[in-house]
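Student: here is the input, now give the coordinates:
(2 chains)
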Amino acid sequence: MPVALVLTLAPVFGLAVNIAVQFVISRLPLAIGKVRRQFLSFGCGLAATALRLGPELYSAGFTLPDAIGCFALHLLAYAMAGFIFFNVINLNISSLRIRMLKEYLREHPQPLPDRVLREKYPARAMLDARLARLVSGGQVILRNGRYHIHPGLVAAIGHFFVFLQRFLLRK
Amino acid sequence: MAAFALALFLFLLALVLHVIWWRWRLPRHHTAALLLVFAVPPLLAAGLWLAEVCRFGLTWTDLPGIALFYAAATGCYLITYAGVEETSPSLVIIRALEQAGAKGCTREELSPCITEERFILPRLAALRRDGLVVAAGDGARLTPAGLRLARLATRLARFFNLHEGA
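Tutor: As a prediction, this is how the structure comes out:
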């Protein structure tokens, strides 16, 4: 098989490993949350991609800069594909729009009244569920009945999105 | 290394074009405009390469890797942009907690952040605007595109044993 094809298929192989691991561990009674399961499957895919790339680049006789560049190109391609997969899974869990679509599907081909959807998704329940998810994920801490943000990555991501909203959309 | 450098350059060029356009004037259809912006640099580079105006030190064998990287990077940015365009409830909660500082917030203090007017009704409107549902009776029903998406989401949820949150 040509080297270029093997290299191009390495991230695809890594993504397949990621998906397969996610499929298996989503059915195992593990004491870890959904996000950690996703990180685990992502890590397996990353390792699989690196293991496909490493020997191929070594045996193909690339110069060191070319080997590093090629490794980075394909490993990052996997990482970004993994990020997309991560979001596809998360959207299915948390996106209100996707959940509303599923509600319409349950009634299809009959129409679903707006009133039914609004009763099913009250803002109050939404807040409770989001807070519960943020607390269980460790992004928010509940102390003496008050919620506090956990400093670190989540706060940084929040800043990043606020910056982009202001910069691009002038919100 | 040339392949990696070119892939990165094309993506950064697309980002710059995107920023210039958005700062000049916001497009009416954001996703379509983004797809257009991100299609320009690789098409331009492919044209130059095929016409042998500039080969960037690359051969045919470098192209699949560059295409894969660029497609994945564009997909990542489109997903990130969706979070910028439409504020998520989690982000609103995090922003409110950040503004509250060390004293934090009670549940009651956070409740004005998540309202039906702010999150539920705009999403219902967005489903109609995006052509995923169409008005019927006192509500709506799925369009063929909405039906495909809803079925895909249901199959994915079954395949990965997903349970809905909020």
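Student: residue ranges of the strands in chain B, please?
Tutor: B:133-136, B:139-142 (DSSP state E).
Student: tell me which of those sits most buried.
Tutor: Ranked by mean neighbour count, the strands of chain B are led by strand B:139-142 with a mean of 21 (mean count of other CB atoms under 10 Å in any protein chain shown). Where C-beta positions appear, they are placed from N, C-alpha and C, glycine not excepted.
Student: contacting residues around it?
Tutor: Residues from elsewhere that reach strand B:139-142 (CB atoms under 8 Å, 6 or more residues apart in numbering or on different chains): A:101, A:104-105, A:107-117, B:124, B:127-128, B:132-134, B:150.
Student: which residues of chain A fall in helices?
Tutor: Assigned by DSSP state H, the helices in chain A fall at A:3-25, A:34-59, A:64-94, A:96-107, A:114-120, A:123-136, A:153-164.
Student: got JSON lines for those, with mean neighbour count too?
Tutor: Formatted as JSON lines, these follow (neighbours: other CB atoms under 10 Å in any protein chain shown):
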{"stretch": "helix A:3-25", "mean neighbour count": "19"}
{"stretch": "helix A:34-59", "mean neighbour count": "18"}
{"stretch": "helix A:64-94", "mean neighbour count": "20"}
{"stretch": "helix A:96-107", "mean neighbour count": "19"}
{"stretch": "helix A:114-120", "mean neighbour count": "14"}
{"stretch": "helix A:123-136", "mean neighbour count": "17"}
{"stretch": "helix A:153-164", "mean neighbour count": "15"}
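Student: my guess is B:Glu98 contacts A:Ala155, does it?
Tutor: Yes - using CB atoms under 8 Å, B:Glu98 is in contact with A:Ala155, at 6.3 Å.
Student: show me the common contact partners of the two, please.
Tutor: A:Ile149.
Student: hmm, back to that, and of the strands of chain B, who's closest to B:Leu13?
Tutor: strand B:133-136 (37.4 Å; CB to CB).
Student: and the closest one, does that touch chain A?
Tutor: Yes - for strand B:133-136 and chain A, the contact criterion (CB under 8 Å from any CB of the partner chain) is met by B:133, B:136.
Student: which residues does that strand contact?
Tutor: Contacts to strand B:133-136, defined as CB under 8 Å, 6+ apart, come from residues A:101, A:104, A:111, B:127-128, B:140-143, B:146.
Student: shaky segments in the chain?
Tutor: Going with chain A. Within chain A, the stretches with pLDDT under 70 are A:1.
Student: you looked at the wrong chain, it should be chain B
Tutor: B:164-166.
Student: if you set the cut-off to 50 instead, what comes out?
Tutor: Scanning chain B for pLDDT under 50 picks out B:166.
Student: helices of that one, residue ranges please.
Tutor: According to DSSP H, the helices that chain B contains are B:2-24, B:30-50, B:63-85, B:89-100, B:107-110, B:121-129, B:144-159.
Student: ok, which of those helices comes nearest A:Val6?
Tutor: Short answer: helix B:63-85, nearest of the helices of chain B by CB to CB, at 10.5 Å.
Student: spatially central, which residue of chain A would that be?
Tutor: Central residue of chain A (CA atoms, centre = their mean): A:Phe86, 2.0 Å from the mean position.
Student: residue contacts, it?
Tutor: A:38, A:42.
Student: gap between the closest residue to B:Thr154 other than its chain neighbours and B:Ala150?
Tutor: Spatial nearest neighbour of B:Thr154, excluding adjacent residues (CB to CB, 6 or more residues apart in numbering or on different chains): A:Lys102 at 6.0 Å. A:Lys102 sits at a distance of 6 Å from B:Ala150 (criterion: CB to CB, to the nearest Å).
Student: what does A:Asp114 give?
Tutor: Taken as CB to CB, the span from A:Asp114 to B:Ala150 is 17 Å.
Student: which ones are touching the closest residue to B:Cys76 other than its chain neighbours?
Tutor: Computed as CB to CB, 6+ apart, the closest residue to B:Cys76 that is not its neighbour in sequence is A:Met80, at 4.6 Å. Contacts here follow CB under 8 Å, 6+ apart; on that basis A:Met80 touches B:69, B:72-73, B:75-76.
Student: out of the residues you listed, who's nearest chain A?
Tutor: If you rank these by distance to chain A using CB to the nearest CB, B:Ala72 comes first, at 3.6 Å.
Student: what is the burial count for that closest one?
Tutor: Neighbour count for B:Ala72, taken as other CB atoms under 10 Å in any protein chain shown: 23.
Student: for it, give me its contacts.
Tutor: With contacts defined as CB under 8 Å, 6+ apart, the neighbours of B:Ala72 are A:11, A:76-78, A:80-81, A:84.
Student: outline the domain layout of chain A.
Tutor: A:3-97, A:123-171 (automatic domain parsing).
Student: thanks a lot, see you next time.
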